[in-house]
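Chemist: Output the structure for:
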Amino acid sequence: MSAPVAAPFETFRPAPERLWIRYRPRRWPGAADPWTDWARATLGRPGRRGSALSAPPARPPSDVLYLAPVDPPQERQRRELAAACAAAGGSVLLQRRAGDGGGSGEPMVEARPGLTQLWDLLPAVLDPDRLELWELAPGAACVWPLVSGLTDGSDRVEQGLDRLRGAGVATVQPLVVELPAVARRRLAESGDAGAFDRLFHGPPPSERRFARQAAERGLACFVDRPLPAGPPRLALRRQCAGELRLAADLCYRLGRPEPESQKLLRAARWIDREDRDLAALAEAGNLEIVDWVDATGRGVIEDVVAGGRSRLVEALVAEYCG
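Modeler: So this is what the prediction gives:
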């Protein structure tokens, strides 16, 4: 079992709807410009004046460490922290905002194992007429913040998805964001006559409707779990647990019987917690000795060991987006 992570990090339960985030620094100088707090599904807060970035930990977390945006003077330090944690065998999720780098979408740091860059589309969906904000690199993965009455309108979503498809983006995952009442009131006052009703009394955003619209354009709607740069055995465990967790989540969303999703979730948690060589167990046909994994879970693990994607997850995603 991996060593516990020190107190400087807040901890979360890894989940596909929260981009698999497990850790974030407790003290973090968040950017002043708008950004989405992916760990808490709300608007990001600017850091306190004079706040400093965390120093690279002696042993970086092997599960996903989330590094939110910072102001330009601290950006270089953030890149160095991300690169250092990935080089030491960690798993880092580096959040970028649409428009970074002049809208060209070029990588901020050299691509390396253990480092995942995702784009926050909040600046683009708040100002959809700025076309340069939609110019992401081909193959990029991004997150669309769904704010009821503001960024979830059908016309805005369809126009944005068309632009992302035209840019060659591969994945756009929806994230339902809850705005504080003060922020909603401020937006309502600056909007049109119907803005107040939409922001305060509109129906909640539908992630499934968004996913269907994305799938119609050939876009994936679930971000893969970021994997650590550490030993292949650990990366495989994280990948298997991620597929099981996504399968459990999709079963729940699709209204399948609760025991079905609970068994998959239990297997995911067991794999994340126990230091077992899943490849060796699968290849020797010994997964049946593991009490916490039933036949469905074994099938998911065997698919990942053999090729990387679970046939069960593919079928559930197709049903969810169909």
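Chemist: shaky segments in the chain?
Modeler: Filtered on pLDDT under 70, the chain yields the residue ranges 1-7, 48-52, 54, 101-110, 187-195.
Chemist: can you give me the helices in it?
Modeler: Here the chain has its helices, by DSSP state H, at 75-87, 122-126, 154-167, 181-190, 195-201, 207-216, 232-253, 258-273, 278-283, 295-306, 311-321.
Chemist: who wins for proximity to residue 33 among those helices?
Modeler: Evaluated with Cβ to Cβ, those place helix 122-126 nearest to residue 33, the distance being 7.6 Å. Where C-beta positions appear, they are placed from N, C-alpha and C, glycine not excepted.
Chemist: can I get the helices of the chain in TSV with distance to residue 146 and mean neighbour count?
Modeler: TSV is the format used below for these (distance: least, Cβ to Cβ, whole Å; neighbours: other Cβ atoms under 10 Å):
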stretch	distance to residue 146	mean neighbour count
helix 75-87	26	19
helix 122-126	9	22
helix 154-167	9	15
helix 181-190	14	13
helix 195-201	13	15
helix 207-216	6	18
helix 232-253	15	22
helix 258-273	23	18
helix 278-283	35	17
helix 295-306	28	19
helix 311-321	16	16
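Chemist: Output those as TSV; include the columns distance to residue 66.
Modeler: Shown next, in TSV, are the helices of the chain (distance: least, Cβ to Cβ, whole Å):
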stretch	distance to residue 66
helix 75-87	10
helix 122-126	16
helix 154-167	23
helix 181-190	22
helix 195-201	27
helix 207-216	20
helix 232-253	15
helix 258-273	17
helix 278-283	26
helix 295-306	24
helix 311-321	23
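Chemist: so which of these comes closest to residue 113?
Modeler: helix 75-87 (6.9 Å).
Chemist: Just the CA atoms of the closest one, as CSV, please.
Modeler: Extracted in CSV, the C-alpha atoms of helix 75-87 (Å, rounded to 0.1, in the frame of the first residue of the first chain):
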residue,chain,number,x,y,z
GLU,A,75,3.1,30.5,-13.9
ARG,A,76,6.7,29.4,-14.4
GLN,A,77,6.7,28.0,-10.8
ARG,A,78,3.5,26.1,-11.5
ARG,A,79,5.1,24.5,-14.6
GLU,A,80,8.2,23.6,-12.7
LEU,A,81,6.1,22.1,-9.9
ALA,A,82,4.1,20.0,-12.4
ALA,A,83,7.2,18.8,-14.2
ALA,A,84,9.0,17.9,-11.0
CYS,A,85,6.1,15.9,-9.6
ALA,A,86,5.6,14.0,-12.9
ALA,A,87,9.4,13.3,-13.2
